[in-house]
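J.: The following comprises the amino acid sequence and a computationally predicted model.
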Amino acid sequence: MEKIVDQIKKLKIEKNAVVLAHNYQIPEIQDLADFTGDSLELARKATEVKDAAMIVFCGVRFMAETAKILNQEKKVLLPAYDAGCPLADMAKVEDVLKLKEENPGVPVVSYVNTSAEVKAVSDVCCTSSNAPKIVKNIPVDTVIFLPDKNLGYFVQKQVPEKRLILWDGYCFVHRMFTLNDLKKGRERYPDAEIIVHPECDPEIQDNADFVLSTSGMLKRAKESQSKKFIIGTEEGLIYRLKKENPEKEFFSLGAARVCFNMKKTTLERLKECMEKETNEVILSDEIVKKAKHALESMIKYI
Ligand code: 13P
Ligand code: SF4
């Protein structure tokens with residue numbers, strides 16, 4: 001019987017589909033994807049696939065929604081239809097509207113890890129790789145920043161001249177890293193660079209060597225003279241780091257931390273979704289129009 005990987009490859013051609021995958025996806029999915037990247041790269045890629053009949057998004061819901069918002073005329077499928085992001089779920093539209101009412105005229109900067117509805121009531125979006133730049137470039141001195149408080153801390157440190165009104169959200173995966181993990185990592189691999197994601201807690205960020213988005217980590221690993229790296233983010237990235245840098249060594253900070261939503265995309269689910277063209281991401285015209293404005297403003301402020 002034909003292997004499932006070959007069946008998916010055939011389906012990609014038959015359906016004229018582009019498969020996009022986030023850096024946290026399982027190795028088999030990363031290997032099959034036409035493009036693998038961080039949230040910003042994937043959002044950008046979604047606008048560059050004009051000739052494809054459909055985008056199949058291997059990641060979590062907010063990422064597939066972002067692809068749909070930027071490409072409304074295109075069919076966007078999400079093989080793991082139940083793959084949410086608990087961080088994104090921490091910002092509800094009604095609470096965002098309430099905070100806006102309490103702070104009239106203050107723009108809302110939303111991390112892409114938000115629902116399409118929250119993006120629709122936001123002024124600008126950002127990702128972990130461009131958040132400080134966006135906040136710096138908005139021509140105001142105060143912004144509402146949501147939903148990740150730790151990313152907010154990271155931005156505030158780099159943009160001290162602005163006031164950030166922070167939301168109390170967090171990613172449970174990145175909050176699992178501890179100072180003890182850092183201490184043990186340094187003891188065990190004293191010559192390794194420690195790189196963590198800005199969704200990690202402030203004390204983890206403050207004691208790491210670099211704080212970077214997932215693609216920032218890939219870039220740093222490639223450019224650095226160091227041969228060893230301790231990585232403080234979801235374990236899926238380690239696969240890509242090793243694949244692209246076979247001469248270097250990568251270790252998880254503490255125990256490998258897993259985002260179970262990112263692991264819901266399996267080869268079986270991908271194949272079935274492509275075959276039947278199910279799990280289409282549907283958003284209303286009004287939400288798309290408003291959310292697109294926030295995403296396009298992000299591109300303007302980078
Ligand atoms: P990146 O944009 O750095 O890939 O992060 C997305 C994410 O969900 C981190 O948990
Ligand atoms: Fe959401 Fe955290 Fe998973 Fe990223 S790692 S998708 S922020 S739960």
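T.: Happy to help now that I have it. Numbering: from 1, shown residues only. Ligands and ions are numbered 1, 2, ... in the order given.
J.: Beyond the helix or strand Leu99 falls within, next helix or strand please.
T.: Per DSSP states H and E, Leu99 falls inside helix 93-102. Toward the C-terminal end, the helix or strand that comes next after helix 93-102 (DSSP H and E) is strand 108-111.
J.: name the helices or strands packed onto that following strand?
T.: If you count contacts as 3 or more CB pairs under 8 Å, 6 or more residues apart in numbering; DSSP states H and E, strand 108-111 packs onto helix 93-102, strand 124-126, helix 131-137, strand 142-146. The way it works is simple: take the backbone N, C-alpha and C, and place the C-beta from them, glycine included.
J.: circling back to that earlier point, the helix holding Leu99 vs strand 142-146, what angle?
T.: Relative orientation of helix 93-102 versus strand 142-146 (axes from the mean of the first three to the mean of the last three CA atoms, to 10 degrees): 170 degrees.
J.: Now helix 93-102: buried residues?
T.: Val96, Leu99, Lys100 (16 or more other CB atoms under 10 Å).
J.: Nearest spatial neighbour of the second one, chain-adjacent residues omitted?
T.: Using CB to CB, 6 or more residues apart in numbering and skipping the chain neighbours, the partner closest in space to Leu99 is Ile144 (5.9 Å).
J.: show me what contacts Val211?
T.: By CB atoms under 8 Å, 6 or more residues apart in numbering, Val211 lies in contact with Phe154, Ile195, Val196, His197, Pro198, Cys200, Gln205.
J.: Determine the number of other residues adjacent to Met90.
T.: By the measure other CB atoms under 10 Å, the count of residues near Met90 is 19.
J.: Check what pLDDT the residue nearest the centre of the chain gets.
T.: For the chain, Ser39 is the residue whose C-alpha lies nearest the centre (CA atoms, centre = their mean; 3.8 Å). Ser39 is assigned 86 on the pLDDT scale.
J.: gap between it and ligand 1?
T.: 3 Å (CB to the nearest ligand atom, to the nearest Å).
J.: got it, and Glu193?
T.: For Glu193, the distance to ligand 1 (CB to the nearest ligand atom) stands at 17 Å.
J.: and that residue, backbone torsions?
T.: phi -90, psi 140 (degrees, to the nearest 10).
J.: I figured Ile238 was touching Ser252, is that so?
T.: Yes: Ile238 is within contact range of Ser252, at 6.3 Å (criterion: CB atoms under 8 Å).
J.: residues shared between the contacts of the two?
T.: Joint contacts of Ile238 and Ser252 (CB under 8 Å, 6+ apart) are Ile231.
J.: Around ligand 2, pick out the residues from the chain.
T.: Residues of the chain that fall close to ligand 2, judged by CB under 6 Å from any ligand atom: Val60, Cys85, Pro86, Leu87, Asn113, Cys171, Val173, Glu199, Glu234, Cys259, Asn261, Met262.
J.: Now do the contacts for the first one.
T.: The one in question is Val60. Residues in contact with Val60 (CB under 8 Å, 6+ apart) are His22, Ala80, Ala83, Gly84, Cys85, Ala88, Cys259, Asn261, Met262.
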